[in-house]
Each structure stands twice: as structure tokens, then as C-alpha cells.
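Engineer: Predicted coordinates and the sequence they were generated for:
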Amino acid sequence: MNLEGRHLIDPRDLSVTELTELLDLGLKMYENPAIFADACHGKILGTLFYEPSTRTRLSFESAMLRLGGRVLGFSDAATSSASKGESLADTIRVLDDYADVLVMRHPREGAPRLAAEYSTAPVINGGDGGHQHPTQTLTDLLTLKKYLGKIENLKVAFCGDLLFGRTVHSLIKTLSRFPGMEFFLISPPELRIPYHLKEELLEEYEVKVTETSQLEDCITEIDLLYMTRIQKERFFNEEEYVKLKDSFILSREKLAPAKDSLLVLHPLPRVNEIQYDVDEDPRARYFDQAKMGVYIRMALICAVLGVKLPC
Amino acid sequence: MNLEGRHLIDPRDLSVTELTELLDLGLKMYENPAIFADACHGKILGTLFYEPSTRTRLSFESAMLRLGGRVLGFSDAATSSASKGESLADTIRVLDDYADVLVMRHPREGAPRLAAEYSTAPVINGGDGGHQHPTQTLTDLLTLKKYLGKIENLKVAFCGDLLFGRTVHSLIKTLSRFPGMEFFLISPPELRIPYHLKEELLEEYEVKVTETSQLEDCITEIDLLYMTRIQKERFFNEEEYVKLKDSFILSREKLAPAKDSLLVLHPLPRVNEIQYDVDEDPRARYFDQAKMGVYIRMALICAVLGVKLPC
Amino acid sequence: MNLEGRHLIDPRDLSVTELTELLDLGLKMYENPAIFADACHGKILGTLFYEPSTRTRLSFESAMLRLGGRVLGFSDAATSSASKGESLADTIRVLDDYADVLVMRHPREGAPRLAAEYSTAPVINGGDGGHQHPTQTLTDLLTLKKYLGKIENLKVAFCGDLLFGRTVHSLIKTLSRFPGMEFFLISPPELRIPYHLKEELLEEYEVKVTETSQLEDCITEIDLLYMTRIQKERFFNEEEYVKLKDSFILSREKLAPAKDSLLVLHPLPRVNEIQYDVDEDPRARYFDQAKMGVYIRMALICAVLGVKLPC
């Protein structure tokens, strides 16, 4: 794997081999973080958050600090110079001198790709509008690798809002590149996966896909249940929302018939789509998933900086 | 003293022995900060400020940086994920992985206690609503220890708003646990100490308490004068405010008859309740008090992290 | 050069000799940053930004981090304690204990000078209203030194808003202190340099000054072209703005007849006063200029802290 100087804007910027090697490094970092404690000594991460995202920002900052590096940046656009009418290209050509690697969150789709064109430092996409959020996908994959031991021949159910969910689209497309995947797509009819994405899965990747509106249809056979939030404002009327939402809320009862080895994940924040008493179930791993996010970001930062690693 | 892994939400979470040992450590750090310069190398402090408080936040950050540690966090709720409807418990279960110790400021009383229940990292209360602010109390105690040499057999006057003042309540209750305390409570009738707190002082701690509305009644005999701000909006009408406020403003004239060893403290920010020319008086120590806040926070961070100390 | 413990509020706080030595140090840092990587180990920079300025703040932060130091502070007034009615003097007397050197940005002219009176730590002015921005001037000078090899006997054109431009005034006055300067002042009649400043140039410094509204008048002979933004709201009416602004927009065509050694600078952010295709011209150095800002700030921080340097 040689990712030195590379940008990560879309998970497809990495080959499956590169993804796998990056995940291996992430797992090593999880298992023995102490030996990486000075890997990024003297390096600076710039966090350019044009919209707030505490979770993503602090996960990156924690990753860099745990590598012995330093952090500077801003956490919302109000304190950036965009308000003075400066173009993003100009901003990046200044800020890339202040840091060795940049992570950018931006409300506009494509902004990190544009930034990457002008930056001499590697740019990592920390989420651009409804578009991409590649480090969330890497986090999901590392969690799979750790808790299921593999990323192949898996039966995966995605449940909730499959129409607008950025993290779901990104994960679905990435998992499709690994062998032997079978997907169950569980959503209200209004929030089904976009047609073009479904076509892509079927035609380009030849993944087996089953659409349903009942978790019960697949709960006994799946290896991974990936829950997402259904936002009330996606529905046309209150009546419909109330009628449908219960089908997509995970409870202890619904989870009962699943395999012991099932993994329940959620990109968080959770609102009410997973009942709180599910948290105690050993199959519920969404908080451990958030923890894995730090390790895969440590691996990614080291990789794009090309720092010498102790292993 | 073994505070490793402990939370500090309320000063009463610490025994008098633990308080005393922590203050001893704070004083050592004040006297010889250089030997502690790497005590927290590789450790991360998370600053979760759900409402702004520059002074408290920067005091904690300075403490951690002076110990060789690192800091991440947010400085107001707008950049936190609370706005997406996530529960505080969920937020904490994610953030506790990003840092080794957390300090939380929150407008809602009890929020840090709730956070402590879910956090695997020690939680330090950085102020919750009108409730508690234990590190301010520790700061006050360390200042007493340094400038008076002891925390026992002291005559202490509290002056100003004794009804709403969070720092005053916390300090009064904590001082009451040390032997031989006598209190003078100086306030307008409308801003007297709450009845239940006075009862507690008299019955539980058997402290001698005198209520008055005149600083002149006790100025010659006290060891400590603890000033607080009277906020105009506490008064029912302007006329009453104007009439009363002068009684609770400290001037050079009022201070003149006091002992040379008197200590004048104030939790800051000061608005107009201490006249500016009092600052030059050697008995005025409120800026030194702010300085002591860094050292006691250094001691506290080391204690709850359980790091190995060079002394 | 001994700047230890000194404040920098106005470029005139430094003698020409001190300026020159500081620039020499900045150039050394640019040429060999690695040897300064631990120069400020254990030191803390406090960034007190009472109004947002991403560029200036991050440039300082990058400088301090590259010296092995640490940073704390705030990036806008909303999270400072000014909102509680505290005086700036009081705030500074607390914050100067939290850091070893302070940089302050403030919307009010004179605020950093006031802060310097109360601070035990050196205060660097990071821009106060329309008044001073000395580290921008130092950045400009370091860029001249690097790309032109000298700061004397130069023909310098300033183009754009010369009436309100803080950075222009500061640079003009500072360049005037070096020998053999000749200035061309190019602006719309409404945005000419203030009368008192022109008088000062002519009488105090005996600089040769030519005012014009045409860049064409001097483009072939100048060594430095310093562009600034013309803000639309400075004009009395839209018609006049449209008529005049084209005269003050730099294009490839206008630049064509200039010397090969010409340096085009701009304090940034640029809006539209330099056309984007000029960026490719090797004489356009405004992004390199921003980069130099980090090195001169590194030099300045080391100088006022009085740290031992490896050279």
C-alpha cells in the first residue's frame, strides 16, 4: 500500500487491495495503539469544518493526537474567511501551507474534490452534503473486520431511510466490491434505495438484492444489521409517519430471533430508531463502532502522510 | 489519595482528607511546575462545553498543556451534535473514547452527573447551571492554603448575592467541613443565603453564622472576604438597586480598617462590585486566585488519570 | 536583537535594525524549519480572537505548532467572557497566566495596546479594527527579502483602496523607513491615500511619491506591485463602481509589459481584483506570501519568548 500524498474523497479512490491493507493497519493500531504514539510527531492536521460535526471532527482530532501529531482548524463556516467572498480554491491554497494533511467537511457536494485539486497537502473528505463520507465507510468496514473477522460472504440488512442516507449508499457500494455479498433493503416504500443505485448493484456488481418492508423477513439469517435514522420531515404527512415508523424501530423483541453472531451497527447519532434497552444486547455494537472510527482514521492519516511506521 | 478513575461532580465527592491531599499536590505544582511538564504525555483532555465559559475552559486547557497532554473538544453547544436530537448519554458513550478525561460545562443541572454514569473516562464538572462548580471551590481552597497557610479556624465574610451565587454555596458548604470556621454573610435582605443552606450550616456542621447587611460589622476581624457580583436583574426595581448596591461595593475606604493579612477573593468576572483602585492593595488576590486555578486543575487531572508523578 | 518580553502592537515598536534581524531569523526558519522543531517546547500561545480571522489565527497556530509549542484560545467574541461585562483589562490579567505569549485580534482600535499594559505575557497585535496589523507587514517584508533579496532602493506600486486599507498604510509607513524607496499610489480619486499619511511620507521620510489612477503609468519600471481589494460598498453609487473598478483589476494583459523580476503581492483574501489566470504567472507570489507569514510569525514568537535558538 502506498497512499502517500493521495487524497480520499470517495471510497472508490481506493482499490479493494488498498482498502484491505488500510483495514489491516487500522486493526493493528486498535490492538496496539501505544507503539504508534509518536508516528506523526511534528505533523499537523488541519480540520476545515464548513459545517459543524462534532463526532467526525473530534474523531479525527483524537486520531491525530494519539499519533503524537497536532491539530489546528475551524469548526464552522462562521469563523472561516468564506464570508469575505474568497473562493474555496484560494482558501485552500493558503491553508494547505499551514498543515500537512487536511480533513474537510462541507455542505456543498464536490467541495472536497475541488479542494483536492488545489491542495499540495492530502485532502480527506469528512462529508460533503448528501454525497460521500468515506471515513464513515472505512469505520464500518473496520468494525466488520474486527467483530465478524472478514468482509466477504455476508448477508447484510440495511434498515431505515435508504433513499437519502449518505452513509448507507457509500457502504452499500463499497461492500459490493467484496465477494459474496447479499443485501436485504428494508425501508418504507417512500424511502427505498434510489433506482440508479439498485441497478448498479445488480448489473455492475452482481450482488443479490432483496427489497422488503419487514425486518422479520430476514432477521434470522443476516450477519449484519445496519440501522439508520428515519427523519420525520421525509414524510408527506404525520399520519403516514406514525403508521410506518414502528416497522423501522429496532426493539429487543425484533432482535430476539437473530443469530448470536449478528452485528447491529448504526452510524449515529441515534434518535429513537433503536430502543435504548437494545444497547445492553451484546450484538449491539454501535458504540464500539464509533470507537473503531478513531483507529481507522489513525491508519488513514499515517498512510496519506507516508510516515514511517513501527511495524 | 487514590482518585484514579473517579469523577468529580460535587465537592462532596471528595473526603476532607482527599481534598487536603489534592491541595497539597496543587501547591507542589504551583511551586515547581517544571517537574510535572511531562506528567500527562500522551493523554487527552476532552472539553465538552455546552455553554461558553472562556475562563474555565482555558484554565483546564492550560493545565493539561502544562502537563504535556493534549486537548480536544468544543466551546459551545452550537457545534455539538445535541442539535441532531441525540441524547446526552449517547453523546458521552462516543466522546469518552476520544479522550482520557472529560470536563463538562452544561446549562442543565445534573448533566455532568448523568454523563458520569455513562462515561468510561473520568468526568469533571466544569459548572452545571446554578448547581455546582467544584473546581472553582478547589481553586478558592488552594488560594487560601497558599496565602493564609491553612484552612481552619478562619473568619470568613461572604459579600453580595448569597441567594443565587453558585460558587458561594459550593465554597460555604466545603469550608464548613474544615474545623473552626465562622461565617459572616453580608447581603441585601432579598439576596440572603437560602434558608435550607443556612439550616444545614447550623445543624449539620455547627458553624457559627452571622447575617448582616453591613461589611463594616466584621471588616476588622475577618481573615477572608469573598466578594460576588450582584446582578442588577435580581432586583425588583431600579430604585431599590441603586439604594442597595453601594453597600456591597468594595472600596479602598471600606477595606482600610481590615487586617494586613486579610485575603480578598472574587470568582471573577468582576463588574463593578470591587472598585478598580482596590486592585493595587496587596490584600486583593483575585487575579492570583485565577492563577491558582490552573495548578489545582493540573493536580486534579493527574489524580483522576492516575498518572505516575515525579514526586 | 533582544525582543524578549516585548509587545508588538505597531510595526514602529521595532527599530529598522530589529526588523532586519527578525527578517533574517524568519528567512533562516523558512530555509531550515526542521532545526527549530522543538524551539518552543513546553510553551503556550494564547489566541484571543475577538473577531474571526481564520487566516491570521491559523497562521499563528501553525507557527507555534511547528516550533513544538502548544495553543489555546478562542476564535470569536461570542465564546469570550466579554459578554458578562468584564473589562478587557480584567480579562487579560487572567488570561496572561494561561499562556506564555498572546496574540490578540480585536475590532476596536487600541485594544491590543491596552491589553499590553496589563499583560505579563508579551502581546502581539493580530489586527485591531482599521488600525494596525503588524504581522501582515512583517510577512510582506519577508516576502520582499526572499524574492527580491533586499528591502531598499525599490519602486513600489500600491493599487486599489488606499484610503481604508489597513495593510497598505502599515506597509507604506514601514517601507518608508528603509532607504531609497519610491512609491506609486494607484487608486480611484475617492480612495486616495489619506492626506496626513501622504504628508508624513513626503515630509518625515522624504520618500518620492507619485499619485495616479493608471497602473499603465508605472508598470514597466516597478519592482513590487501590491494589490488590494476595492470593496463595492466604498462607492457612492453602482454606476461609479462599474466605471472605475476595471482600472484596478489586474489582468494578464496589464501585467505583460512589467519586468520579469516584478513581484505581485496581495494580503488576501482576493475577491476579483486579480484575475484568476494571473495566478499562473511566475511573478504572482501572493500564495507564497501567505506561506512566508508562518515563518515570520515563528521568528516573532521565538523572539518575544526569548527562547534559546539552535542557531
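Structural biologist: It's in.
Engineer: My guess is A:Leu309 contacts A:Asp38. True?
Structural biologist: No - look at A:Leu309 against A:Asp38 with C-beta atoms under 8 Å: they stay out of range, at 10.9 Å. For every residue, glycine as well, the C-beta is placed using N, CA and C.
Engineer: measure the residue in the stretch 101-250 of chain A that chain B sits nearest to to chain C for me?
Structural biologist: Per C-beta to the nearest C-beta, A:Arg229 is where the stretch 101-250 of chain A lies closest to chain B, at 8.6 Å. Distance, A:Arg229 to chain C, using C-beta to the nearest C-beta, to the nearest Å: 29 Å.
Engineer: in terms of contact, does that residue touch A:Arg270 like I think?
Structural biologist: Yes - between A:Arg229 and A:Arg270 there is a contact under C-beta under 8 Å: 6.9 Å.
Engineer: tell me how far the worst-scoring helix or strand of chain A on mean pLDDT is from the chain's mean position?
Structural biologist: None of the helices or strands of chain A scores lower by mean pLDDT, DSSP states H and E than helix A:238-245, at a mean of 73. Its chain's C-alpha centre and that of helix A:238-245 lie 28 Å apart, by C-alpha atoms, centre = their mean, to the nearest Å.
Engineer: quick one on the thing from earlier: residues that sit against both of A:Arg229 and A:Arg270, list them.
Structural biologist: Jointly contacting A:Arg229 and A:Arg270 under the rule C-beta atoms under 8 Å, 6 or more residues apart in numbering or on different chains is no residue at all.
Engineer: mind giving me the domain split of chain A?
Structural biologist: Here the domain parsing of chain A from the TED database is A:16-132+A:293-305, A:135-290.
Engineer: The stretch 151-300 of chain A: strands as residue ranges?
Structural biologist: When assigned using DSSP state E, counting those that start in this stretch, the strands of the stretch 151-300 of chain A occupy the ranges A:155-159, A:182-186, A:208-212, A:224-227, A:263-265.
Engineer: Buried deepest among those strands, which one?
Structural biologist: Of all the strands of the stretch 151-300 of chain A, strand A:224-227 has the most neighbours on average by mean count of other C-beta atoms under 10 Å in any protein chain shown, namely a mean of 26.
Engineer: Need the contact partners of it.
Structural biologist: For strand A:224-227, using C-beta under 8 Å, 6+ apart, the contacting residues are A:140, A:144, A:148, A:154-160, A:168, A:171, A:215, A:219, A:250, A:258, A:262-266, A:270, A:273-274, A:286.
Engineer: For it, list the C-alpha coordinates in PDB.
Structural biologist: Extracted C-alpha coordinates of strand A:224-227, given in PDB (Å, rounded to 0.1, in the frame of the first residue of the first chain):
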ATOM      1  CA  LEU A 224     -25.000  -7.500   9.800                       C
ATOM      2  CA  LEU A 225     -28.000  -5.200  10.500                       C
ATOM      3  CA  TYR A 226     -27.200  -1.600   9.600                       C
ATOM      4  CA  MET A 227     -29.800   0.700  11.100                       C
END
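Engineer: okay, now the residue lying closest to A:Pro134 once chain neighbours are set aside: neighbour count?
Structural biologist: Spatial nearest neighbour of A:Pro134, excluding adjacent residues (C-beta to C-beta, 6 or more residues apart in numbering or on different chains): A:Pro11 at 4.6 Å. Residues contacting A:Pro11 under the criterion other C-beta atoms under 10 Å in any protein chain shown number 22.
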